[in-house]
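1. Pasted the sequence and its predicted model underneath.
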Amino acid sequence: MKGKFPLRSTLILLIVGILAVILPLLLMKIGVLDAYTAHIITMGGVNAIMAMSVNMIVGITGQLSLGQAGFLAIGAYACIFFNLDMHLPLPLAAAFATVLTTFAGFLIGFPVLKLSGDYLAIVTLGFGEIIRVVFINIKPLTGGPNGRQFTTSMVLNGQLAFVIVTSVLIVVLALLQNFLRSTYGRAIMACREDEIAANSNGINIFRYKMIGFVIAAFIAGIGGSLYAMVVGFVKPDIAQFLRSIDFLIYVVLGGMGSMTGSILAAYVLTYLQEFLRFLQDYRLLIYPLILILVMLFRPQGLLGMKELSFVKLVNRLLARKSKVKGGAK
Amino acid sequence: MIVLQQLINGVSLGSIYALIALGYTMVYGIVLLINFAHGDILMVGAYAAFFVLGAIGAGPVGMLVAFIVSMIICAGFGITIERLAYRPLRSAPRLNSLITAIAVSLILENGARVLPFIGPNPRQFPRPAVVNLQLGSLSISNIQIIVIVLSGLMMLGLNYIVNYTKRGKAMRAVSFDLGAASLMGISVNGIISFTFALGSILAAAGGVLYASAYPQVNPLMGMMPGLKAFVAAVLGGIGSIPGAMLGGFILGIAETFTKGFISSQFSDAISFGILIIVLLIKPTGILGKKLRIKV
């Protein structure tokens, strides 16, 4: 199927992407979706971007990182800094923030990626905590432990926020899926499967791990700037270890290595958190219980390594239709 | 003199970290699992002691009973958690058991928040009256003495169990090679349960001591000392018992020195910074064994 209908595949994806943005927007316009639900969906989008970032490290590169929220915080604070202190326009500020976060990923990646397994996990955790403490202590830039206000047009207009977040999510997903099918993406996955075998096939493991790590930081930078823009308020607490765990949970539930799976899990769990509010504090117990049950009964996550594919879905539907019509393929 | 004073404070904090780190290290040494719930076991122990002390008063007898009760309860918790959450996943990929450990930790924390007799709010921990002993210009409190002496005794006890008893020998055998140990007639499951119980007992003691040193209990109190103790275990070389003690003391002393001479805000960052630097120089920790990868 691959390469047979490249134009058709692109078209299908384009249509699905546009529908994903337009349909909820229409529902919001006519008032079926209220502002509260719209905000939850938007936050789901931000979480989904972060889930992709974590999945890039945990699922694709095969390295456990427990400090991804640190990059989220860097992106968020950098976006505020470039916009409020350097007086750059918002899109440019977000772009600069993303570049800065990517660079931070590059710098942190050097020492960190020399380690592996549990050691890597604990060191990334350490970096997340260090970033949090540093942000608490540079008060003029970050407002200290009280955080910093950031009122943008996206905070005021929920529909605008939804459109921007969802479009960015779709673009990032498209770019990422293409990247994963490229030589680089396949090399990274080869390192995940077996480092020694990959190495003996001439793949420079450190280099490809680094590329994966930097891309994850890049996506987290985008997620961080969007978070700052949508929420309008950033505290150093967002770099906390528990927040990284939240993102990891999306990835684990959705399926490590499945981008669409983790996006789906991010949306579902973000909604579930709000939906279960009537249970008050008991909802905090349901979350980890689901996690344990999934680990016990479906350890590879809900989707495993599979990706949801609209192209395949449409092709299958079309094939069935032509079968009904013509009787044969 | 200030340096010496901070050193005393550091040793006192460090011995608590060392106690907790021992639990991490033993569990990691045997089942290769970072038991994230270990810090929350500490919280359970502190709460158990809180209720005992509330019921019979914070005298010497009260403290003794509180220690024993919280150790028994924590040992029960440790064994139960291992049985229900970790044992079914023993042959699963490492990441799965790690995530389960994180989930168990969330359940303990949030469970404590939800339970009506614990609740989300911090409470004052009833502790014995603080008496400061003056040695020249140095001052050392009775609580610090209790912390240092008790943790020293517990470490000696652990050392005896691991090195001089039959169970300890079995533990070392399982940690060396789980499969071969079971072929030699060692009940692997029993030894793993025993290890969890032992680690939880040390965590309970650490929890009571921590709550006496910083007289407050709340459901999230185990998180930071848990992480710090884990850092201590990794610092010293995870899987190595003297390493955990060494790491605990290094971390405690580094932390009080940072608080005393730089800024109390930075103490968390400093301990993680030390960890990162040590791991970069010696990736398996100070006393860690070299990893050998078979192709």
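-> Perfect, I can see it now.
2. Count the neighbours of the closest residue to chain B within the stretch 101-250 of chain A for me.
-> Closest contact between the stretch 101-250 of chain A and chain B, by CB to the nearest CB, is at A:G126 (3.4 Å). C-betas here are computed from N, CA, C, even on glycine. Neighbour count for A:G126, taken as other CB atoms under 10 Å in any protein chain shown: 27.
3. swap in A:L242?
-> 14.
4. Now do the contacts for the residue of the stretch 101-250 of chain A closest to chain B.
-> A:G126 makes contact with A:67, B:231, B:272-273, B:275-276 under the criterion CB atoms under 8 Å, 6 or more residues apart in numbering or on different chains.
5. Spatially nearest residue to it (excluding sequence neighbours)?
-> Excluding the flanking residues, the one nearest A:G126 by CB to CB, 6 or more residues apart in numbering or on different chains is B:F272, at 3.4 Å.
6. For chain A, which segments count as strands?
-> For chain A, the strands defined by DSSP state E cover A:148-149, A:233-234.
7. How confident was the prediction at the residue nearest to A:G126?
-> pLDDT, B:F272: 86.
8. who's in contact with it?
-> B:F272 neighbours (CB under 8 Å, 6+ apart): A:125-127, A:129-130, B:231.
9. Quick one: name the residues of the stretch 51-200 of chain A near chain B.
-> A:58, A:64, A:111, A:114-115, A:117-119, A:121-123, A:125-127, A:129-130, A:133-134, A:136-137, A:196 (CB under 8 Å from any CB of the partner chain).
10. List only those of the residues you listed flagged as buried.
-> Buried by 16 or more other CB atoms under 10 Å in any protein chain shown: A:58, A:64, A:115, A:118-119, A:121-123, A:125-127, A:129-130, A:133-134, A:136, out of those.
11. Tell me the one of the residues you listed nearest B:S175?
-> The shortest gap between B:S175 and any of those belongs to A:D118, at 15.6 Å (CB to CB).
12. thought the closest one was touching B:I34?
-> Yes - A:D118 is within contact range of B:I34, at 5.7 Å (criterion: CB atoms under 8 Å).
13. Between the two, which contacts overlap?
-> Common neighbours of A:D118 and B:I34, counting by CB under 8 Å, 6+ apart, are B:28, B:98.
14. one step back: output the strands of chain A in JSON lines; the columns should cover mean pLDDT.
-> Shown next, in JSON lines, are these (pLDDT from 0 to 100):
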{"stretch": "strand A:148-149", "mean pLDDT": "87"}
{"stretch": "strand A:233-234", "mean pLDDT": "90"}
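15. Quick check on B:S139: phi, psi?
-> Note on B:S139: its backbone torsions stand at phi -130, psi 140 [degrees, to the nearest 10].
16. Bridging across strands, which residues link to it?
-> B:Q134 (DSSP bridges).
17. ok, it touching B:L133?
-> Yes - under the criterion of CB under 8 Å, B:S139 makes contact with B:L133 at 6.8 Å.
18. Spell out which parts of the stretch 101-250 of chain B neighbour chain A.
-> Within the stretch 101-250 of chain B, the positions adjacent to chain A are B:102-104, B:106-107, B:110-111, B:113-114, B:120, B:227, B:230-231, B:234, B:238 by CB under 8 Å from any CB.
19. Would you mind finding the most buried of the strands of chain A?
-> Compared across the strands of chain A, strand A:233-234 shows the largest average neighbour count, a mean of 21 (mean count of other CB atoms under 10 Å in any protein chain shown).
20. what does that one contact?
-> Counting by CB under 8 Å, 6+ apart, A:73, A:76-77, A:80, A:142, A:147-150, A:227-228 sit against strand A:233-234.
21. Just the buried subset of those residues, written out for PyMOL, thanks.
-> Selection of buried members from these for PyMOL, criterion 16+ other CB under 10 Å:
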select buried, chain A and resi 73+76+77+80+142+147+148+150+227+228
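22. Among the contacts of strand A:233-234, name the ones in helices.
-> A:73, A:76-77, A:80, A:142, A:227-228 (DSSP state H).
23. Among the residues you listed, pick out the one closest to A:A94, please.
-> Compare each of the ones in helices among the contacts of strand A:233-234 with A:A94 using CB to CB and the shortest gap goes to A:A228, at 8.6 Å.
24. Can you check the pLDDT for the residue lying closest to that closest one once chain neighbours are set aside?
-> When the adjacent residues along the chain are set aside, A:A228 lies closest to A:A76, with 3.9 Å between them (CB to CB, 6+ apart). Looking at A:A76, its pLDDT is 94.
25. which residues touch B:A48?
-> So B:A48 contacts B:66, B:69-70, B:73-74, B:204 (CB under 8 Å, 6+ apart).
26. thinking again about what came up before, wait, isn't the residue nearest to A:A228 in contact with A:A220?
-> No - applying CB under 8 Å as the test, A:A76 and A:A220 come out as separate, 9.9 Å apart.
27. Tell me if I am right that B:K289 is in a helix.
-> No - judged by DSSP: H, G, I helix; E, B strand; the rest coil, B:K289 forms no part of a helix; its state is coil.
28. Burial check on it, number of neighbours?
-> By the measure other CB under 10 Å, the count of residues near B:K289 is 11.
29. Touching, it and B:G239? I think so.
-> Yes - in terms of CB under 8 Å, B:K289 counts as a neighbour of B:G239; the distance is 7.3 Å.
30. quick one: contacts for residue 25?
-> No chain specified, so I'll use chain A. Listed by CB under 8 Å, 6+ apart, the contact partners of A:L25 are A:159, A:162-163.
31. The intended chain is chain B.
-> B:233, B:236, B:238-241, B:243-244.
32. For B:V188, give me the pLDDT.
-> Taking B:V188 on its own, its pLDDT is 91.
33. burial of it, as a residue count?
-> Around B:V188 there are 18 other residues, counting by other CB under 10 Å.
34. measure it to B:Y86 for me?
-> To B:Y86, B:V188 is 13 Å away according to CB to CB, to the nearest Å.
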